[in-house]
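**Student:** need coordinates for the following:
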Amino acid sequence: MKKTWPFTLNFLLFAAMAFVMPFLTLYYQSLDFTGAQIGLLTGLTPLITLLSAPLWTSVADKTRRHRLSMSLALLAGVSILFAFPSFTAFAPILLLALLYNAVYAPVSSFADSATMFMLADEKHLYGRIRLGGTLGFGLAASVAGVFVQSYGLRYAFWGGAVLLLLACLVSQKLVHGQLKADASIRQGVRTLLTSPHWFLFLTLALAGGFAVAATNVYLFPYLKELGASESTMGLSLTVGTLSEIPVLFFGHRLLKRFKSKGLFTLAMTITGARLMLFAAAGTADFVLVLQLLNGLTFPAMWVAGVAYADENAPAGMRTTAQGLFSAMVFGLGLAAGGFVGGPLLESLGGRGLYFIFGIVVLIIVAGVTLLQKRLRAAPPPAEAPAAP
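**Tutor:** Residues are numbered from 1 along each chain as shown. Predicted coordinates for the structure are as follows:
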């Protein structure tokens, strides 16, 4: 059962994401929020993740209350999603969005850390566990599109809440690693934040979050701009999700071939190129074709990132390391993309947004690659010494 429960949890968590995240910008637009307000909502809320994810995960590592912390986070998320459609004014919507990001921020880190611990000597098969998330997202995306088209945007939030509640029940079956009694949280965090290897890794993770904002937050508004229906929007997610299956199933082979750092860089390079192709798309059908490249972008990046964080985490701090990685992707990176995306969408349209996002990602990848060459002769990140 060490694979069944994490697989099921990933299925439910990503199914909930498919119900909520792609429809957020459309919901904000339906409330007549301005481009600046949408940019603030999509940019400010992930910044909470930047602070909340490392805080929750480090406290859980120290107190050894991973299961309790994860349960509280999921239940709080359920309550907020149920309440979301009851408000239409900007201020309460912003408050709820901030609260949701604060409580939900550590969930994926808890799940990934527990998964790697439960896999033990089969950690290279993480991609097949994460495949549960791909299947959940793909199946839920089409269902969510039909629900929203038939009943309205509020059902996106309610459907996501039900799925998170089920995820909370499944999460009780996870087994989490424990912090060693003599391990130092402070020393471990210092090791992570001062290592040049980790700095470059987290810089690429930031670029990954920037790209997530483009493909997850602003894809549906772009498709709407191209004249696509809600059902077509759901289909675009399904196509993109199906493309993830072979990458995740054979993720262990990709890691063996490229190693975690190499695969991470390759995935980010393909991500930048894909965003540039989105900018060149003139029809919704072309966007659907480009969704076939999705498997080589975020899924490959995430498999490589989780592997790198696990391999290079200080002793007893794997959950904290995963939290820091998640915070850069879904915190600072997603926030940066959200802040600039709203005004760009309003002023330049979807094509201009994707062109600028693609250029930024490719510049970051090029810069990090040059710096990595200079550090190639340097030793790998060392584990933090035990506290005296």
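**Student:** which residues does Met21 contact?
**Tutor:** Asn216, Val217 (C-beta atoms under 8 Å, 6 or more residues apart in numbering). All C-beta spots, glycine's among them, are computed from the backbone N, C-alpha and C.
**Student:** one more time with 6 Å
**Tutor:** Asn216 (C-beta atoms under 6 Å, 6 or more residues apart in numbering).
**Student:** quick one: it and Leu219, what's the gap?
**Tutor:** For Met21, the distance to Leu219 (C-beta to C-beta, to the nearest Å) stands at 10 Å.
**Student:** repeat that for Phe137.
**Tutor:** The separation that Phe137 has from Leu219, given C-beta to C-beta, amounts to 13 Å.
**Student:** more neighbours: which of the two?
**Tutor:** Neighbour count, other C-beta atoms under 10 Å: between Phe137 and Leu219, Phe137 has more, with 26 against 23.
**Student:** need the three-state assignment for that one.
**Tutor:** Under DSSP: H, G, I helix; E, B strand; the rest coil, the three-state class of Phe137 is helix.
**Student:** identify the residues contacting the nearest residue in space to it that is not next to it in sequence.
**Tutor:** Excluding the flanking residues, the one nearest Phe137 by C-beta to C-beta, 6 or more residues apart in numbering is Phe14, at 4.1 Å. For Phe14, the contact set (C-beta under 6 Å, 6+ apart) comprises Gly133, Gly136, Phe137.
**Student:** wouldn't the last one be in contact with Ala18 here?
**Tutor:** Yes: taking C-beta atoms under 6 Å as the contact criterion, Phe137 and Ala18 are neighbours in contact, 4.5 Å apart.
**Student:** quick one: the helices in the stretch 51-200 of the chain, in order.
**Tutor:** 66-83, 90-104, 107-119, 126-151, 154-171, 185-194, 196-212 (DSSP state H, counting those that start in this stretch).
**Student:** per-residue pLDDT, His124?
**Tutor:** The model reports His124 with a pLDDT of 83.
**Student:** what's the closest non-adjacent residue to it?
**Tutor:** His252 (4.1 Å).
**Student:** from Thr320, how far off is that neighbour?
**Tutor:** Taken as C-beta to C-beta, the span from His252 to Thr320 is 25 Å.
**Student:** got a list of what the nearest residue to Ala161 once chain neighbours are set aside touches?
**Tutor:** Computed as C-beta to C-beta, 6+ apart, the closest residue to Ala161 that is not its neighbour in sequence is Leu81, at 3.8 Å. Leu81 sits next to Phe157, Gly160, Ala161 when contact means C-beta under 6 Å, 6+ apart.
**Student:** grab the most central residue of this protein for me.
**Tutor:** Centroid-nearest residue in the chain, with C-alpha atoms, centre = their mean: Phe330, separated by 5.2 Å.
**Student:** what about the spatially closest residue to that residue that is not a sequence neighbour, how many neighbours?
**Tutor:** Once flanking residues are discounted, Phe330 sits nearest to Thr49: 5.0 Å by C-beta to C-beta, 6+ apart. Using other C-beta under 10 Å, Thr49 is surrounded by 27 other residues.
**Student:** elements contacting the secondary structure element (helix or strand) that Thr49 belongs to?
**Tutor:** Using DSSP states H and E, Thr49 maps to helix 35-63. Applying 3 or more C-beta pairs under 6 Å, 6 or more residues apart in numbering; DSSP states H and E, one finds that helix 35-63 contacts helix 90-104, helix 318-327, helix 334-375.
**Student:** distance from that helix to the middle of the chain?
**Tutor:** 12 Å (C-alpha atoms, centre = their mean, to the nearest Å).
**Student:** now the angle from that helix to helix 334-375?
**Tutor:** Using axes from the mean of the first three to the mean of the last three C-alpha atoms, to 10 degrees, one finds that helix 35-63 and helix 334-375 are set 60 degrees apart in direction.
**Student:** helix 35-63 versus helix 196-212: what angle between them?
**Tutor:** 140 degrees.
**Student:** return the set of buried residues in helix 35-63.
**Tutor:** 35, 37-50, 52-61 (16 or more other C-beta atoms under 10 Å).
**Student:** next one: stretch 266-279
**Tutor:** For stretch 266-279, by 16+ other C-beta under 10 Å, it's Leu266, Ala267, Met268, Thr269, Ile270, Thr271, Gly272, Ala273, Arg274, Leu275, Phe278, Ala279.
**Student:** ok, so of those residues, who is nearest Val368?
**Tutor:** Met268 (8.3 Å; C-beta to C-beta).
**Student:** the residue lying closest to the closest one once chain neighbours are set aside: neighbour count?
**Tutor:** Among residues not flanking Met268 along the chain, Val365 sits closest, at 4.9 Å (C-beta to C-beta, 6+ apart). When neighbours are counted by other C-beta under 10 Å, Val365 registers 23.
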